[in-house]
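[1] Structure for the following, please:
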Amino acid sequence: MIATALDHIPRPPCANLLGWQLVDARPQEGWIRIVFDGKPEFCNPAGFVQGGMLSSMLDDTMGPAVFVMTEGRLYTTTITMTVNFLAPAKPGPITGEATVTQLGKTIAFVEGRLTSAEGTLLATASSSIRLVEAARALR
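    As a prediction, the model looks like this:
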């Protein structure tokens with residue numbers, strides 16, 4: 001597995017809840033791949049992973065894409081996120097990929113997608129993200 005700035009910070013509780021696992025990253029390109037655990041506890045009455053959980057997975061893919069691209073110098077806070085749900089998500093592994101499309105001085109733009117283990121595109125998202133210097137965030 002590739003070493004990233006994520007190796008130097010503790011995993012947040014929300015990532016643990018989602019079963020977050022880094023699979024691959026290309027920091028220079030602002031690209032990341034993460035696998036989540038689509039737990040049965042995340043499902044709605046129809047048996048599909050609830051949209052809010054999928055949105056959380058997308059958010060927890062797009063923010064880390066910026067973090068690894070900036071070598072841990074910048075944390076993120078989401079300003080806007082537009083999600084398109086394309087197919088129902090069954091419980092099981094869900095893969096998130098994100099790409100930083102533009103990194104400015106105070107705001108970044110990121111695109112993300114979720115796919116099932118079978119390769120079905122489940123959801124896409126675009127996000128505008130405020131950048132916060134890591135040193136400032138930890139004060």
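[2] Specify the local secondary structure of the most centrally placed residue in the chain.
    Nearest residue to the geometric centre of the chain (CA atoms, centre = their mean): Thr61, 1.0 Å. At Thr61, secondary structure determined by DSSP: H, G, I helix; E, B strand; the rest coil is helix.
[3] Repeat that for the one 4 residues further on.
    Assigned by three-state DSSP, the conformation of Ala65 is helix.
[4] That one and Val110 touch, don't they?
    Yes - between Ala65 and Val110 there is a contact under CB atoms under 8 Å: 5.7 Å. Yep, even glycine has a C-beta here, placed from its N, CA and C like the rest.
[5] Among those two, which residue is more densely surrounded?
    Taking neighbours as other CB atoms under 10 Å, Ala65 and Val110 compare with Ala65 leading, 32 against 29.
[6] Tell me how far that one lies from Thr99.
    For Ala65, the distance to Thr99 (CB to CB, to the nearest Å) stands at 7 Å.
[7] next one: Arg26
    9 Å.
[8] now swap in Ala123 and tell me
    With CB to CB as the criterion, Ala123 and Thr99 are 15 Å apart.
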